[in-house]
Each structure stands twice: as C-alpha cells, then as structure tokens.
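**Student:** missing the sequence, but the structure's below:
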C-alpha cells in the first residue's frame with residue numbers, strides 16, 4: 001500500500017475559513033482502500049511553502065494530491081489576475097522538488113483541467129468526483145500500468161455510495177475555532193438549468209441523495225467535536241422531492257442540537273415546512289435569487305419570477321428567518337432600465353441582506369458561454385484561466401456600477417461593492433464573532449424570537 005500526501009490549496013478566508021471537505025472525502029476513499037493518508041491544509045498550516053516542504057520531507061510519501069477548490073474569487077471588482085492558480089503552481093513546484101508524482105483535482109481544477117494541469121505542471125488530473133478515480137489512479141500507478149494523464153468525467157456515484165469524509169480532528173478543531181462553521185454535504189447534482197452555473201457540469205443534473213440517517217450520524221459525530229454550526233453545501237438544499245425536510249425531521253427526532261444554514265432557491269414553500277426547518281436548527285438561508293427583475297431572471301433561465309422571490313422572502317420574514325439574496329447585475333437582457341428596476345426590487349425586500357455582484361464569470365460548457373460566443377464577446381477556445389466576465393452587450397459597465405453604488409449606499413444590509421460586505425464581516429470577526437455573520441445585519445420588527453448562535457451586534461461595531 002502507498003502513502004499519499006493530500007494537500008488542500010485553498011487559503012481563502014472570505015467570507016470565512018472553510019473546512020476542506022473535498023480533501024477529506026478523497027482521504028476517506030484512500031483510507032478504506034488500505035492506503036496511508038496524510039491530510040495537509042495550507043491554511044491551517046500557516047500558508048507556508050517552507051512548512052510544506054519540511055512536512056513532505058518528514059512524511060516521505062509515494063504520491064501527492066492537490067485539491068484546487070476555487071479558480072478565482074468571481075468578483076469583477078477585485079479579480080485582476082488569477083492568484084489562486086498561481087498559488088497552486090507554487091505548491092506543485094514545491095512538491096515536485098521531492099520527485100514524487102503530483103495529482104491535481106477539486107472543483108476548481110475540474111472547470112479547466114487541461115489548462116490548469118499544463119500551467120501548474122502537475123503530473124495527473126482528476127475531473128469531477130474523485131473518490132473512486134483517485135483509488136483507481138493510485139492502483140494503476142502502483143502496478144505501473146499505462147495511465148491517462150487526466151481521468152475524465154464519469155457517471156455520478158449513487159447517493160448511498162457517496163464517500164463519508166475522513167474527518168481530521170486536528171482540522172475540525174482549527175476550523176471550529178477560526179470560523180465556527182463546519183460544512184456538510186447531503187446530496188450531489190443540480191436539477192436546475194441556470195444559464196451561467198457550473199454545478200450541473202461538475203456534479204450532473206440528477207440529484208443523488210445521501211441517506212438521511214447517514215447524514216444525521218455525521219452530524220452527531222461532528223457534535224462530539226463541538227461543531228454546533230453547520231453549513232449544508234448542496235448546490236440547492238430545498239430539492240423538489242423534500243429530502244431536506246426528511247433530514248430536518250430526523251434532526252428533530254434525534255434532538256441534534258445544531259444551528260445550520262444552506263443554499264435555497266426561492267420558490268413555493270409552506271409555513272409548516274419553514275417551522276419544521278426552524279425546529280431543526282435553521283439559523284439563516286442563503287438564497288440564489290441571481291437576478292433582480294423578470295427580464296434578467298428569464299435571461300439566466302431561472303424557473304421563477306420576482307413576485308415569487310417576494311413571496312418567499314415574506315414567508316421567511318413571518319417566520320423570522322434571516323435571508324441573504326445573492327444577485328448578479330449585468331447578465332443577459334440587462335439594460336440601465338432593468339438595473340434601476342432591479343435596485344428598486346431588491347430594496348423592496350424586507351428584513352433581509354442583499355449581496356449584489358457585477359458581471360458573470362464565464363465558464364465553457366455553460367449556456368451563457370455559448371451565448372457570449374454568439375454575441376461576439378468571447379472567442380471559442382479562448383483561455384479562461386484568467387477571469388472573463390459577461391456583461392450584456394450595449395450596457396455601460398461603469399454606469400451600471402455607479403448606479404448600484406448609489407442605489408444601495410444608504411443600506412447597511414445591501415453590500416455593494418462585494419468587498420463592502422467583507423469589510424463589515426472582518427469588523428465582526430475582530431469583535432470575536434463566529435459563524436455566517438451576515439445574519440447580524442438583519443433586524444426584525446420585534447426581534448428574533450429565538451436568537452441565533454452568534455452574539456448580538458451593536459451599531460457601534462460598524463463605526464468607520
């Protein structure tokens with residue numbers, strides 16, 4: 001059996017540090033296959049290449065794997081060069097000093113596998129789900145078989161066979177202390193067809209559900225380490241078949257004491273369902289509203305209109321559930337008229353936070369990329385290693401951004417430009433707050449009946 005040194009390359013702490021669950025999933029598969037596995041997290045280890053170098057020398061592994069979570073920060077305001085991939089190259093260079101083969105993977109790698117493999121100099125790459133492919137690749141290398149340089153995308157692993165992460169107690173303690181949030185996945189795949197989104201490309205369009213009892217077991221285990229604040233990382237938690245409601249029922253039945261958050265799509269939801277979610281520990285929702293007018297929602301192939309967004313938000317307000325709406329301006333069909341309409345629409349939503357973004361990061365394989373090619377905004381085959389953002393043809397980007405700044409500037413719960421929100425979160429961190437934090441920007445008329453796990457914030461926390 002081989003010794004494999006797995007590296008999480010992600011050192012991003014915005015909006016908060018995120019446990020490297022992808023690395024731990026691969027670690028679990030390799031461990032069950034009988035290999036010795038070392039999990040090394042660049043962020044937890046101090047983001048030091050010298051420390052990495054010493055750790056590699058001490059471990060003397062047979063192979064190294066690098067998990068590349070993000071390609072860039074998808075923020076057109078601050079994304080000028082791809083520092084994420086440049087950092088990954090430095091890590092690969094450091095590992096290759098030892099002469100051992102380097103295997104790249106992760107969600108970010110899977111978006112641009114050929115380009116990232118060439119740029120970083122990694123020896124092999126794995127696209128998409130990596131549990132079985134990593135085990136197969138190591139077996140092939142151990143037996144000195146002819147091995148493809150890139151293991152491509154295959155049919156998704158059934159939900160009941162999805163590998164449980166090989167949780168690292170050391171990393172759990174680090175992330176609980178640093179962010180207070182641990183991430184858990186309950187399903188893979190996305191049944192929606194949003195024009196810009198890469199989730200269907202990465203995980204497939206068929207939802208594969210993990211058994212509810214298995215997820216609940218995982219939550220109970222995490223509680224033994226003190227993890228009481230969970231973020232469910234599913235592309236969309238509120239699936240049409242109600243798997244998320246079954247999980248909520250199981251959490252209530254087992255009396256698992258957690259607070260949790262997840263990604264929701266605005267759409268039909270009943271008050272008794274929201275009440276159940278709250279009883280299970282729902283602290284807040286991050287809502288994929290994505291666009292702010294009917295015209296731009298249609299342009300992104302969304303399955304709902306803005307009236308449905310308003311109804312969804314109002315139901316959450318009635319249940320005193322904090323919501324954060326994430327919206328992108330500048331997409332297909334955007335004009336200055338729809339920008340102004342969108343600002344008005346988003347400001348009309350009560351008791352919620354809005355995270356507006358400017359422009360849409362393009363990725364090949366999405367409907368929006370095809371549209372951008374037809375509109376002459378980008379050439380087929382053009383490298384996307386450096387970020388390229390879609391803005392509706394004829395729209396003046398600077399005029400739009402000025403309108404957004406002016407339209408949201410008097411609202412502390414409307415965070416534009418994007419780094420405005422991060423600055424506020426950083427202030428809260430300095431005051432010792434942990435968790436998702438944006439929920440503290442919301443005040444309901446009669447305050448939350450049940451306080452969240454975060455401490456209350458006073459207005460003085462935002463001075464300056």
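**Tutor:** Structure's in. What do you need? What you are looking at is a predicted structure, and each value in this text was computed from that prediction instead of being measured. Residues are numbered from 1 along each chain as shown.
**Student:** Helix or strand: which one has residue 13?
**Tutor:** Per DSSP states H and E, residue 13 falls between elements, in no helix or strand.
**Student:** Need the nearest residue in space to it, chain neighbours excluded.
**Tutor:** Nearest-residue entry for residue 13: residue 43, 7.2 Å, with adjacent residues in sequence omitted and distances by CB to CB, 6 or more residues apart in numbering. Using the backbone N, CA and C atoms, a C-beta is placed for each residue, glycine as well.
**Student:** and what of residue 142?
**Tutor:** residue 2 (6.0 Å).
**Student:** now swap in residue 436 and tell me
**Tutor:** residue 261 (5.4 Å).
**Student:** helix, strand or coil for that neighbour?
**Tutor:** Put simply, residue 261 is strand when judged by DSSP: H, G, I helix; E, B strand; the rest coil.
**Student:** List the contacts of stretch 207-219.
**Tutor:** Residues from elsewhere that reach stretch 207-219 (CB atoms under 8 Å, 6 or more residues apart in numbering): 156-160, 162, 164-165, 184-191, 230, 239, 241, 243, 246-247, 250-251, 254, 256, 258.
**Student:** what does stretch 363-376 give?
**Tutor:** 111, 193, 195-198, 201, 300-301, 331-332, 360, 362, 378-380, 384, 390, 393.
**Student:** I'd like to know which elements the helix or strand hosting residue 429 is packed against.
**Tutor:** Take DSSP H and E as the rule and residue 429 turns out to sit in helix 418-430. Helix 418-430 sits against strand 353-358, with contacts defined as 3 or more CB pairs under 8 Å, 6 or more residues apart in numbering; DSSP states H and E.
**Student:** Could you name the helices and strands sitting against the strand it packs on?
**Tutor:** Partner elements for strand 353-358 (3+ CB pairs under 8 Å, 6+ apart): strand 323-329, helix 397-408, helix 418-430.
**Student:** With distance to residue 279 and mean pLDDT added, can I get these in CSV?
**Tutor:** Output for the helices and strands packed on strand 353-358, formatted as CSV (distance: least, CB to CB, whole Å; pLDDT from 0 to 100):
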stretch, distance to residue 279, mean pLDDT
strand 323-329, 18, 97
helix 397-408, 34, 97
helix 418-430, 27, 74
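**Student:** closest one to residue 8 among the ones you listed?
**Tutor:** helix 418-430 (21.2 Å; CB to CB).
**Student:** quick one: buried residues of that closest one?
**Tutor:** 418, 420-422, 424-425, 427-429 (16 or more other CB atoms under 10 Å).
**Student:** Which member of the residues you listed is positioned nearest residue 35?
**Tutor:** residue 429 (37.5 Å).
**Student:** Among the contacts of stretch 363-376, name the ones in strands.
**Tutor:** 360, 390 (DSSP state E).
**Student:** Now, of the contacts of stretch 363-376, which are buried?
**Tutor:** Buried among those (16+ other CB under 10 Å): 111, 195-198, 201, 300-301, 331-332, 360, 362, 378, 384, 390.
**Student:** where does the protein have its least confident helix or strand?
**Tutor:** When the helices and strands of the chain are compared on mean pLDDT, DSSP states H and E, helix 418-430 comes out lowest with a mean of 74.
**Student:** pLDDT weak spots in the stretch 351-464 of the chain?
**Tutor:** For the stretch 351-464 of the chain, the stretches flagged by pLDDT under 70 are 431, 445-464.
**Student:** try 80
**Tutor:** 419-435, 445-464 (pLDDT under 80).
**Student:** now do the stretch 101-250 of the chain
**Tutor:** Using pLDDT under 80, the stretch 101-250 of the chain drops low at 153, 201.
**Student:** residue boundaries of the helices in it?
**Tutor:** With DSSP state H, counting those that start in this stretch as the criterion, the stretch 101-250 of the chain has helices at 107-111, 113-120, 131-142, 169-178, 199-203, 212-224, 243-254.
**Student:** if you compare those, which one is most tucked away?
**Tutor:** Across those, averaging neighbours per residue (mean count of other CB atoms under 10 Å) puts helix 107-111 on top, at a mean of 23.
**Student:** For that one, which helices and strands make contact with it?
**Tutor:** By 3+ CB pairs under 8 Å, 6+ apart, helix 107-111 packs against helix 113-120, strand 124-126, helix 199-203.
**Student:** nearest to residue 91, of those?
**Tutor:** That would be, of these and by CB to CB, helix 113-120, which comes in at 8.1 Å.
**Student:** Contacts for the closest one, please.
**Tutor:** Applying CB under 8 Å, 6+ apart, the set of residues contacting helix 113-120 is 66, 68, 71, 85, 88-89, 92, 104, 108-109, 122, 124-125, 127, 149-150, 383-385.
**Student:** Quick one: residues contacting the nearest residue to residue 163 once chain neighbours are set aside.
**Tutor:** Leaving aside its chain neighbours, residue 163 sits nearest to residue 131 (4.4 Å; criterion: CB to CB, 6+ apart). Residues in contact with residue 131 (CB under 8 Å, 6+ apart) are 25-26, 28-29, 157, 162-163.
**Student:** closest to residue 268 among those?
**Tutor:** Using CB to CB, those come closest to residue 268 at residue 162, 27.9 Å.
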